[in-house]
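> Below are the sequence and a predicted model for it; my questions follow.
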Amino acid sequence: MNKKYWRTSGLLFLLLLALVIFDLTLGSFSIGFNDIFNGIFNYDSSSTAELTVRVFRFPRVLTAIMSGAALSIAGLLMQTLFQNPLAGPYVLGINSGSSLLVAISTMSTFSFFGSDLGLIAAAVIGASGAGVFILFCSIYVKNKVSLLLVGIMFGSFAGALVSLIQAYADPNNLKSFMLWSFGSLQGVEFNQLGILSLVVIIGALLSLALVKPLNLLLLGDKSASLLGVNVKTIRFLIIVATAILTGVVTAFCGPIAFVGLVVPNMVKMIYKTTNHYHLLIGSLLGGALLIVICDITMQLLLPYVNLPLNALTALVGAPVVMWIIMKKF
């Protein structure tokens with residue numbers, strides 16, 4: 001298993017690296033490898049190519065990697081926590097909780113989260129609140145499909161509140177929020193990459209620290225408790241990790257759909273294991289790969305049509321969700 005794991009992970013990493021380099025070269029004019037290297041590490045402001053890499057392309061591509069990895073890991077955590085292959089940040093309303101707090105902070109008179117860190121805090125608090133609500137509902141709603149319906153209804157309720165806020169919002173703030181809600185990799189500047197990367201790394205490390213309890217949770221709460229797992233604490237930490245990962249991506253990129261649902265299921269099929277160490281690494285690589293591929297597709301189609309990121313992830317995710325439903329339920 002270890003040889004297969006390392007071989008598969010190595011291939012995914014090499015494919016991701018190749019696509020990242022290819023993505024950095026895409027645009028209105030060609031850019032060489034030297035321009036890419038200099039633009040990232042030691043750019044010359046008088047060089048158009050290096051300035052383009054520094055200001056536009058590298059932030060976009062690194063954001064794609066970080067957002068894909070974060071949402072995929074969050075999706076895997078949700079699926080393990082609720083023992084449901086259809087669980088994910090978007091389906092269970094975690095993204096909706098983030099969106100609601102971001103809407104309040106950007107469009108209402110209660111704009112108490114003005115800075116980048118404030119916006120991240122708003123999104124994380126919203127995601128945490130949604131996660132705790134769904135976790136509370138899971139105590140009483142034992143049916144997997146019913147719990148998904150609860151998540152969908154919560155998302156609809158949060159969406160209705162956002163609509164009310166939009167109705168009374170300033171037109172400029174409303175326009176910015178609407179563009180944000182489509183999902184985009186273009187909104188992160190170079191000096192914001194450190195914050196985004198740091199928060200995603202913290203969430204990923206917390207997830208890796210939970211590998212052993214996550215493996216034991218697959219046996220059921222009672223069995224995991226008998227084996228020494230403090231189930232309540234682990235559930236809380238899973239919600240925290242999910243909120244961190246989902247919140248930071250939602251704050252910077254908007255509510256990106258289906259990534260956290262599709263990638264973990266695909267990784268489970270590829271790796272054929274229940275070991276969460278392998279699944280977490282595979283989800284990290286797979287999620288980054290999916291969003292980078294979406295970004296490449298958007299860049300290639302840009303001369304003809306300007307596709308929102310959410311449109312592409314839905315085109316990929318919706319058929320996969322229908323396939324999972326037909327196979328599992």
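Looks like it arrived, so ask away.

> residues contacting the residue nearest the centre of the chain?
Centroid-nearest residue in the chain: residue 71, 2.3 Å away (criterion: C-alpha atoms, centre = their mean). Contacts for residue 71 (C-beta atoms under 8 Å, 6 or more residues apart in numbering) come out as 89, 245, 246, 249, 256, 259, 260, 263, 287. Bear in mind the C-beta positions are built from the backbone N, C-alpha and C, glycine included.

> Let me see the mean pLDDT of the helix or strand where it lies.
Per DSSP states H and E: residue 71 is located in helix 58-82. Mean per-residue pLDDT for helix 58-82: 94.

> again, but for stretch 221-229
Throughout stretch 221-229, pLDDT has a mean value of 87.

> which residues of the stretch 151-300 of the chain fall in helices?
With helices called from DSSP state H, counting those that start in this stretch, the stretch 151-300 of the chain shows them at 171-181, 193-209, 211-217, 221-226, 231-253, 259-271, 276-301.

> Touching the third one from outside, list them.
Contacting residues not belonging to helix 211-217 are listed as 77, 80-81, 223-224, 227, 229, 231, 234, 238, 274-277, 280 [C-beta under 8 Å, 6+ apart].

> quick one: it to chain centroid distance?
22 Å (C-alpha atoms, centre = their mean, to the nearest Å).

> What score does residue 328 have for pLDDT?
Looking at residue 328, its pLDDT is 64.

> meant to ask about residue 7
Residue 7 is assigned a pLDDT of 91 by the prediction.

> picking that back up, can you give me the angle the helix holding residue 71 makes with helix 276-301?
140 degrees (axes from the mean of the first three to the mean of the last three C-alpha atoms, to 10 degrees).

> Can you dump the C-alpha atoms of the helix or strand just after helix 58-82 in PDB for me?
The element immediately downstream of helix 58-82 (helix or strand, assigned by DSSP H and E) is helix 94-107. Output in PDB follows, covering the C-alpha atoms of helix 94-107 (Å, rounded to 0.1, in the frame of the first residue of the first chain):
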ATOM      1  CA  ILE A  94     -20.800  25.800   6.000                       C
ATOM      2  CA  ASN A  95     -20.100  28.100   3.100                       C
ATOM      3  CA  SER A  96     -23.500  29.700   3.600                       C
ATOM      4  CA  GLY A  97     -22.600  30.600   7.200                       C
ATOM      5  CA  SER A  98     -19.400  32.200   6.000                       C
ATOM      6  CA  SER A  99     -21.200  34.100   3.300                       C
ATOM      7  CA  LEU A 100     -23.800  35.400   5.700                       C
ATOM      8  CA  LEU A 101     -21.200  36.900   8.000                       C
ATOM      9  CA  VAL A 102     -19.200  38.300   5.100                       C
ATOM     10  CA  ALA A 103     -22.400  39.900   3.800                       C
ATOM     11  CA  ILE A 104     -23.100  41.400   7.200                       C
ATOM     12  CA  SER A 105     -19.600  42.800   7.400                       C
ATOM     13  CA  THR A 106     -19.400  44.200   3.900                       C
ATOM     14  CA  MET A 107     -23.000  45.400   3.100                       C
END
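
> Helix 94-107 to helix 58-82, inter-axis angle?
Using the same axes, to 10 degrees: helix 94-107 against helix 58-82 is 130 degrees.

> For helix 94-107, which helices and strands make contact with it?
Packing partners of helix 94-107 (3 or more C-beta pairs under 8 Å, 6 or more residues apart in numbering; DSSP states H and E): helix 116-140, helix 144-167, helix 171-181, helix 231-253.

> what residues does the first one touch?
It stands for helix 116-140. 81-82, 89, 92-102, 104-106, 112-113, 147, 150-151, 154, 158, 192, 195, 199, 235, 239-240, 242-244, 246-248, 250-252.

> are any of those residues buried, and which?
81-82, 89, 92-102, 104-106, 113, 147, 150-151, 154, 158, 195, 199, 235, 239-240, 242-244, 246-248, 250-252 (16 or more other C-beta atoms under 10 Å).

> Can you give me the distance of residue 299 to residue 244?
29 Å (C-beta to C-beta, to the nearest Å).

> Sorry, wrong one. I was asking about residue 312.
Residue 312 is 25 Å from residue 244, by C-beta to C-beta.

> Likewise for residue 289?
Taking C-beta to C-beta, one finds residue 289 at 22 Å from residue 244.

> Poorly predicted segments of the chain, please.
1, 108-116, 144, 328-329 (pLDDT under 70).

> and the angle for the helix or strand containing residue 39 with helix 58-82?
Assessed by DSSP H and E, residue 39 sits inside helix 33-41. Inter-element angle recorded for helix 33-41 and helix 58-82: 70 degrees (by the same axes, to 10 degrees).

> Buried residues in helix 33-41, which are they?
So for helix 33-41, counting by 16+ other C-beta under 10 Å, buried means 35, 36, 38, 39, 40.

> And the residue nearest to the centre of the chain, how far from residue 102?
16 Å.

> that older thread, can I get the helices and strands packed on helix 94-107 in a markdown table with distance to residue 325?
Listed next are these as a markdown table, based on distance: least, C-beta to C-beta, whole Å:
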| stretch | distance to residue 325 |
| --- | --- |
| helix 116-140 | 19 |
| helix 144-167 | 9 |
| helix 171-181 | 26 |
| helix 231-253 | 22 |
